[in-house]
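following is a predicted model, sequence given first.
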Amino acid sequence: MITRLIAFLLFILAPALAQANVNSVTPSPSSVAVAVVGAPRVTVTWTVNRTAATTATVSVTSANADLRVGGVVVSTLGNILSQSSSLIGGQSETLRFTETLVLTPAQANTVATSDAGSVTITRTFTDTETTLVGTMQVAAGGGNTGDLQLRRIDLSFENDARADVIRQGDRQRAVARVSYRSSGLLKGEWRIVDPTSNYGSARYRILQVVRQQLVSSGQGETRIVSPPLPTQKNGLYLVTFVAEDESGVLDFPVLRYFVLQGSTEAPVENLDVVSPAEGAILATDTVFSWSYVKGAYAYQIELFEPASEDIVTGKLVGAETQNLNFSVFSLDRLKPGQVYDWRLRAIDRGGKILGVSARRKIMMPQ
């Protein structure tokens, strides 16, 4: 008799006992596009529906929200959400939790740089008996993202020089370091003036068209390398990277490089240098100076390993200058206590070497 009674009660209670407590967790909105600059805010309402298995008062809670990429938690957001729920067994109710989540700039950048459709914000709700996860899709979008703003373009060759002297057929590339704000499409062109052009009119021809999507949660920087630069013709080349700039205030620097005429230099060491003296100590305030050379378009100082043709560092200046100093960056290439050779060369616009000085000794301090 008792066995039959227990079986009857289990039969009556089975539907209630088997029913899940948390039935659904639904975010509103179900998807959101966030700004990729600053600290974007996301306001969301989580609607939680639950059914009571027994008569009781319980807390429905969620510890925090998770920012996920490809299903993997990359960071947590928000605070604890909690509401009290009192139901008679078998009854259902709907609870709503509204919150504003604030993303950090780093988290916004994660959204911007992740694959489309891979980013979500989730919350796991529990009523102490069962749990369920709600998911909201997140994408990079408009809002307060603003348009791409180019802040600065810095140019150099791959050896970090801003002016260079090379021989026919040598490899040469330029590098543009573009600083920007916000996100958008960079539209730019590598341009060049070759020795056959009229330098006065600076008629550049386009080497390469650049289209590159830039994304930043605030300030960003990208590195754009030019195609191989021409080195077959002797003479002076001018290189620049020009970008579309609606502000109209951006400066576009110009690099210069000379391709020398053949492999021969002036047969006589015919240039006079004024300073530094033989065996002088080299520092950032050491002045290299020389006499004016008629027809020169540029002067080049070269530092060599002793009794070698291996150039360690150097510097190129225009013909209007008859003195120069080395920067800290250039001196960083040199070894303390090492003795080096140095010389001066004068170059005309066509890449011909007009003259060269005798090599002198100079020493880096310990």
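Noted; the coordinates are in hand. Numbering: from 1, shown residues only.

give the rounded mean pLDDT of the strand or helix carrying Ala346.
Ala346 belongs to strand 339-347 when assigned by DSSP states H and E. Mean pLDDT, strand 339-347: 92.

residue contacts, Leu250?
By Cβ atoms under 8 Å, 6 or more residues apart in numbering, the residues touching Leu250 are Leu150, Arg152, Ile153, Ala243. Any C-beta I mention is one placed from the backbone N, CA and C, and that applies to glycine too.

try it again with 7 Å
Each residue near Leu250 by Cβ atoms under 7 Å, 6 or more residues apart in numbering is listed here: Leu150, Ile153.

who's Thr124 bridged to?
For Thr124, the beta-bridge partners are Val133 (DSSP bridges).

was I right to think it contacts Ser62?
Yes - if you go by Cβ atoms under 7 Å, Thr124 and Ser62 touch, sitting 6.0 Å apart.

please identify which of these two sits among more neighbours.
Ser62 (24 against 16; other Cβ atoms under 10 Å).

residues touching that one, list them.
Neighbouring residues of Ser62 by Cβ under 7 Å, 6+ apart: Leu81, Arg123, Thr124, Phe125.

tell me the pLDDT at the second one?
pLDDT for Arg123: 97.

tally up the residues packed near it, please.
Counted with other Cβ under 10 Å, Arg123 comes out at 25.

that one contacts Ala63, doesn't it?
No - using Cβ under 7 Å, Arg123 makes no contact with Ala63, being 8.7 Å away.

what packs against the strand holding Ala346?
The contact analysis (3 or more Cβ pairs under 7 Å, 6 or more residues apart in numbering; DSSP states H and E) places strand 339-347 against strand 298-304, strand 353-356, strand 360-363.

which of these sits closest to Glu93?
For the helices and strands packed on strand 339-347, proximity to Glu93 was assessed by Cβ to Cβ; strand 298-304 is nearest, at 81.9 Å.

direction included, what does the following helix or strand past the closest one pair against?
Reading on from strand 298-304 to the C-terminus, the next helix or strand found by DSSP H and E is strand 311-318. Here strand 311-318 has these sheet partners by DSSP bridges: strand 298-304 (antiparallel).

what's the angle from the strand it pairs with to strand 339-347?
Counting by axes from the mean of the first three to the mean of the last three Cα atoms, to 10 degrees, strand 298-304 lies at 160 degrees to strand 339-347.

could we number from 12 for the rest of this?
Let's use 12 as the start, then, which means that last one is strand 309-315.

quick one: mean pLDDT for strand 309-315?
For strand 309-315, the mean confidence score works out to 90.

list of residues touching that strand?
The contact list for strand 309-315 (Cβ under 7 Å, 6+ apart) reads 176, 269, 299, 301, 321-330, 332, 335, 351-358.

rewinding a little: how far out from the middle of the chain is the strand holding Ala357?
Put simply, strand 350-358 sits 37 Å off its chain's centre (Cα atoms, centre = their mean, to the nearest Å).

pick the most buried one from the helices and strands packed on strand 350-358.
strand 309-315 (a mean of 21; mean count of other Cβ atoms under 10 Å).

could the C-alpha coordinates of that strand be exported in PDB?
In PDB, the C-alpha atoms belonging to strand 309-315 read as follows (Å, rounded to 0.1, in the frame of the first residue of the first chain):
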ATOM      1  CA  ALA A 309      74.800  67.900 -51.900                       C
ATOM      2  CA  TYR A 310      77.600  66.900 -49.500                       C
ATOM      3  CA  GLN A 311      78.000  63.600 -47.800                       C
ATOM      4  CA  ILE A 312      79.900  62.600 -44.700                       C
ATOM      5  CA  GLU A 313      80.700  58.900 -44.400                       C
ATOM      6  CA  LEU A 314      82.200  57.000 -41.500                       C
ATOM      7  CA  PHE A 315      84.000  53.700 -42.200                       C
END
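
how close does the closest residue to Met374 other than its chain neighbours sit to Arg371?
In space, Met374 comes closest to Val350 once its chain neighbours are excluded; the distance is 4.8 Å by Cβ to Cβ, 6 or more residues apart in numbering. Counting by Cβ to Cβ, to the nearest Å, the gap from Val350 to Arg371 is 11 Å.
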